[in-house]
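A.B. asks: sequence and computational prediction follow.
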Amino acid sequence: MSFPLLTATAAVPAIGAIVTAAVPSARRTAAKWLALLFSLATLLLAGVVGARFDPGGDRYQLTESHAWIADFGVRYELGVDGIGVALIGLTALLIPFIILAGWHDADPYETDSKRWRPTQGFFALILMVEAMVILSFEATDVFLFYVLFEAMLIPMYFLIGGFGDRAAATQPAADAAGGSDEKAAAQRSYAAVKFLLYNLVGGLIMLAAVIGLYVVAGNFSLQEIAAARASGELEMATNTERLLFLGFFFAFAVKAPLWPLHTWLPNAMGEATAPVAVLITAVVDKVGTFAMLRFCLQLFPEASKWATPVILVLALISIVYGALLAVGQRDIKRLVAYASISHFGFIIMGIFAMTSQGQSGATLYMINHGISTAALMLVAGFLISRRGSRLIADFGGVQKVAPVLAGTFLIGSLATLSLPGLAPFVSEFLVLVGTFTRYPVVGIIATFGIVLAALYTLVLYQRTMTGPVKLEVAKMPDLRVRELVVVAPLIALLIFLGVYPKPVTDLVNPAVGHTLSDVQKKDPKPEVEAAK
Amino acid sequence: MENLIALLVAAPLLGAAVLLCGGRRLDRGGHWIGTLLAVVSFAVGVLLFTDMLGKDAEHRALHQSLFSWIPVEGFQADVAFQLDQLSMTFVLLITGVGSLIHVYSIGYMEHDERRRRFFGYLNLFLAAMLLLVIADNYLLLYVGWEGVGLASYLLIGFWQHKPSAATAAKKAFLVNRVGDMGLSIAIMLMFTTFGTFAFGPVLESTADTSEGMLTAIGLLLLLAACGKSAQVPLQSWLGDAMEGPTPVSALIHAATMVTAGVYLITRSGAIFNAAPDAQLAVVIVGAVTLLFGAIVGCAKDDIKKALAGSTMSQIGYMILAAGLGPIGYAFAIMHLVTHGFFKAGLFLGAGSVMHGMNDEVDMRKYGGLRKYMPVTFVTFGLGYLAIIGFPGLSGFWSKDKIIEAAFAYDDGIRGWIFGGVALLGAGITAFYMTRVMIMTFFGEKRWQPDADGNEPHPHESPKSMTIPMIVLAFGSVFAGGLFSLNESFVKWLEPVTQFEHPHPVISVPAITASTVVVLLLGAALAYVMYGRKPVPVTAPRGSLLTRAARRDLLQDDFNHVVLVRGGEHLTRSLVYVDHTMVDGVVNGTAAGFGGLSGRMRKLQNGFARSYAVSMFGGTAILIAATLLMRAV
């Protein structure tokens, strides 16, 4: 038996979580370093997965399969395709930066050292989430996936509810000491519960669909069911397929999140610390869009096509609505959250356009959105921690006192508005082209998103960074070395993948080809060729 | 030879990277690095140009393929360059004028503590602009297109601590984004129609598709051109862009970037030639803008804004010419090049005046400056004569040809209309430029001490500033004549743009004669209004038209009422809807399913943890149950 590489990639952060949690409180710093070390080891393993994976080879590679709950045919079955490899890479890449950026986020309160603040717990939870997310990208057993999909809510819940920002949006730093602390805690707890409830409801509906699938198919193996579906061995009544599809899709749409199921995201991202907000939108939410590609399209191809028009409309609403709401925000983190909702609209639109460009673009979009949001949000976090406020109006003229911080924030903003030359442009354009070839009107309306994106990012930049220096930011220090170590590689990646995205597209293209043949869709031919 | 093409972009790009990441260490010598790399790019351009001249006209185009950029099934975008006569013309203009303006900026920005960064941005601009003109496909062109937009954004807002500069920069980017939407959708349409967006295949197979499709693509490209080249209805950003340092106004907002729209239309000539309706739209946009800009230029007291109005108007001429098809392309580009010389020269002259006048921009506070800055006066004066089309100077040769071509639009009424507009524009140009000239250099001195009691001491600028002005003045005087000698410029471009001789509705000598008469009338009127009597220091109230023109013909008022106000109401109400209704409906639905909202209320009261525990417990029970089942 060969070395279980995929299991190891998920097991290392899981072990890391346990080890980190076990470090005694007095050795807080050691816990941080341990967590960082384990996340780097995971990155290394993810690199090995990428190297061992052959894009031209079998659809699922590095497979592992063990019996787990034999009575229900539940197996511990793993395997990755190009899309999975890319997303594992993204996750493993971002976690070290998240840990570094949040280095001091869970330190004990300076004013009130007696209050309990489990520093090790913070980092252990992050590693726990990483392990579950990676395993969910690997799981090819529907039940196994479901369990992970639900289980990752628990560490996320504690990360949001337990370790919020110390600066409440409604209260400037000056009076943060008194009663507003409690108010902030209440808001945080509301956000965490909202996150949990939304996702739990989605999960419960999915559970029903998972059971339904078992009743129809007799097992949980994605590969077996998909093969049986493709060969015609497994017939599903139209209504059954549609209902099951809806059950799965609903859960993924909550997680993604798709309009109108999005309202938990701004609360969660606003209340959580910036690194945790990145964890939510750049990593955990990607499981939703990934699962649409892997489970919805493969298991229920006909129903997917049936639902496409409605989903495209919802995605379009997400794009425009998210962007418009971002324009109207007064809180930096909520602004980024609404921008993410707009971007998830693009991803979902790309998936359901069912063209090569659309789906390759959507997969690339997941990667690029992860990196660009991480860059923007983490710099925003550094900014917020310096001022003790998330309100845009509390800043002004920062570029004069902290030019490097302002510069990196600008690059993050430009990535968010998909400036050509940076990575997100490639994916956004692919999604737009891929949609346009099949649904021109949808493509054109979505293009309005690029104007709105410029509006919300540049207005944010103008209000916080330019103009006369505000008194409260006059002494703001520029980026520290630790912060530069977080931001510089992310920016380098944004530029690299903007100029040379080929390594990722090569990885993703064959997987997209498989998915398209699952749904039996061919790209529309160019008009000139079609005429001949 | 073709392997050198990438170096054109690489040199200034390297400069930008080094200067922007280099940190304080480079503060002392950074401007030299930036200037050197601009000159390197120019030298490479000249080398390629001499090589190109050695070949026969039909085989001059060079091609260099670097790597596959976005390879996706059915979709191919490469990083590949194409250098033909059209691109070459731009390369020389961009790197030549660009290098001069780098030299000028050494002196102009001497006292700015962020000079290194300024040169970094200038280098970034050069790299993006060169990419725009040497890309061999529309998507790569788009990268350059937005790259120059970014550089323009950074440079307009260079003095970011001024809120007006930051606002102007954002406005320029946003308005341009509207145009970019057009380019984006045009590229998508090309992809669905031709399966590619590389210049060669697209422009060669226009015959395979319908005129309607080509018209749609053409109109979208026109929208893009309107944004970048500040043409009506996307013109509103250019006046505000004058917030940037003056060398930026000269290079980006006069000589090069704003002409990218003309390049786009000329490059896409094959599409427009087959879509007469789109061409008509181009001509109309050009004609409207050339009047719009000229009228605005007449009313401005800010020397840079007057010149900005003029730029808009002159680009209107180019766009009009480009819309005329093969009778106009070559003249559009010729006017673009001569305009590059004299308008850059005029802006540098304006910068020189401001340099000596404590950064005062109001022409009503100038007067009689010819005695104090003789070099600036002479070079600006030559630029002035060139732009109004004084016979023999550069502008005369290029603008006169455009007026002729406009009269040749067709045999009927349209030829008369477009020709008449172009002719009228020449008269207004002479008026507003004479006004600028008189208010700045002639008459009595009108400056006074400012609020702090500092009286300006006008003086000539240092050599690093005057030498570029002198070089550009030479171009303003001789370039047009040189290009027209033997029709050399037209013949040079013909293999790329095609050329047909225009047949105007009235005879060519009659057109030339009336152009000269019209410009003399315009100049004389300005002399009567501003030269014969003293210019008041505070602007008179003026007629309704003057007041409207001072406000840029109410463009911003319109935008504010329709777009800004409307947009604010929309976003504000959406924020409200999202907080109350969407959230409420989803929660309500959930409540319908199982009383979740009631539980939610409970949870908010502090039972959150208990819920999490119960959920955790639930999962545990589920797993335990399955394991138990398995054991049994």
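C.D. replies: Alright, I've got the coordinates.
A.B. asks: surely residue B:469 and residue B:349 touch.
C.D. replies: Yes - Residue B:469 is in contact with residue B:349 according to CB atoms under 8 Å; the separation is 6.1 Å. (Glycine included, C-beta is placed from N, CA and C.)
A.B. asks: shared neighbours, those two?
C.D. replies: B:376, B:379-380 (CB atoms under 8 Å, 6 or more residues apart in numbering or on different chains).
A.B. asks: show me what counts as buried in the helix-or-strand element of chain A with minimal mean pLDDT.
C.D. replies: One helix or strand of chain A scores below all others by mean pLDDT, DSSP states H and E: helix A:527-531, with a mean of 78. Buried positions in helix A:527-531, judged by neighbour count with 16 or more other CB atoms under 10 Å in any protein chain shown: A:527-528.
A.B. asks: pull the residues that contact it.
C.D. replies: B:192-195, B:205, B:208-209, B:213.
A.B. asks: only alpha carbons, please: show the one helix or strand residue B:90 maps to as CSV.
C.D. replies: Residue B:90 belongs to helix B:85-108 when assigned by DSSP states H and E. What follows is helix B:85-108, C-alpha atoms only, in CSV (Å, rounded to 0.1, in the frame of the first residue of the first chain):
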residue,chain,number,x,y,z
GLN,B,85,4.2,51.0,-39.1
LEU,B,86,1.2,52.2,-37.0
SER,B,87,2.7,50.8,-33.8
MET,B,88,6.1,52.1,-34.7
THR,B,89,4.8,55.6,-35.1
PHE,B,90,3.3,55.4,-31.6
VAL,B,91,6.4,53.9,-30.1
LEU,B,92,8.6,56.7,-31.3
LEU,B,93,6.1,59.3,-30.2
ILE,B,94,5.6,57.8,-26.7
THR,B,95,9.3,57.1,-26.0
GLY,B,96,10.5,60.3,-27.6
VAL,B,97,8.1,62.7,-26.0
GLY,B,98,8.2,60.5,-22.9
SER,B,99,12.0,60.9,-22.6
LEU,B,100,11.8,64.6,-23.0
ILE,B,101,9.2,64.9,-20.3
HIS,B,102,11.3,62.7,-18.0
VAL,B,103,14.1,65.2,-18.4
TYR,B,104,11.8,68.1,-17.8
SER,B,105,10.4,66.5,-14.7
ILE,B,106,13.9,66.4,-13.1
GLY,B,107,13.7,70.1,-12.8
TYR,B,108,10.0,70.5,-12.3
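A.B. asks: in terms of secondary structure, what does that helix contact?
C.D. replies: Applying 3 or more CB pairs under 8 Å, 6 or more residues apart in numbering or on different chains; DSSP states H and E, one finds that helix B:85-108 contacts helix B:30-53, helix B:115-134, helix B:246-250, helix B:260-267, helix B:329-356, helix B:463-484, helix B:488-497.
A.B. asks: now the last one: buried residues?
C.D. replies: Same thing as helix B:488-497. So for helix B:488-497, counting by 16+ other CB under 10 Å, buried means B:489-490, B:492-497.
A.B. asks: I'd like those residues as TSV, with pLDDT appended.
C.D. replies: Listed next are those as TSV, based on pLDDT from 0 to 100:
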residue	pLDDT
B:489	90
B:490	89
B:492	90
B:493	89
B:494	87
B:495	87
B:496	88
B:497	88
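A.B. asks: just the residues you listed that are near chain A?
C.D. replies: Among those, not one lies near chain A by CB under 8 Å from any CB of the partner chain.
A.B. asks: filter the contacts of helix A:527-531 to the buried ones?
C.D. replies: B:192-195, B:209, B:213.
A.B. asks: nearest to chain A: which residue in the stretch 201-350 of chain B?
C.D. replies: Using CB to the nearest CB, the closest approach of the stretch 201-350 of chain B to chain A is made by residue B:208 at 4.6 Å.
A.B. asks: quick one, what contacts that residue?
C.D. replies: Contacts of residue B:208 by CB under 8 Å, 6+ apart are A:528, A:531, B:194.
A.B. asks: first to last residue in stretch B:47-58, what's the distance?
C.D. replies: The first and last residues of stretch B:47-58 sit 19 Å apart, counting by CA to CA, to the nearest Å.
A.B. asks: list the contacts of that stretch.
C.D. replies: If you take CB under 8 Å, 6+ apart as the criterion, stretch B:47-58 is touched by B:1, B:4-5, B:8, B:60, B:62, B:83, B:85, B:88, B:91-92, B:491-492, B:494-495.
A.B. asks: can you turn the buried part of these into a PyMOL selection?
C.D. replies: Buried members of the contacts of stretch B:47-58 can be picked out in PyMOL with the line below, counting by 16+ other CB under 10 Å:
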select buried, chain B and resi 4+5+8+60+62+83+85+88+91+92+492+494+495
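A.B. asks: flag every residue of the stretch 51-200 of chain A that's near chain B.
C.D. replies: Proximity of the stretch 51-200 of chain A to chain B is confined to A:69-72, A:74, A:147, A:150-151, A:153-154, A:157-158, A:161, A:186, A:189-190, A:192-194, A:196-198, A:200 under the rule CB under 8 Å from any CB.
A.B. asks: do that again at 7 Å, thanks
C.D. replies: Residues of the stretch 51-200 of chain A lying near chain B by CB under 7 Å from any CB of the partner chain: A:69-72, A:150-151, A:154, A:157, A:161, A:189-190, A:192-193, A:196-197, A:200.
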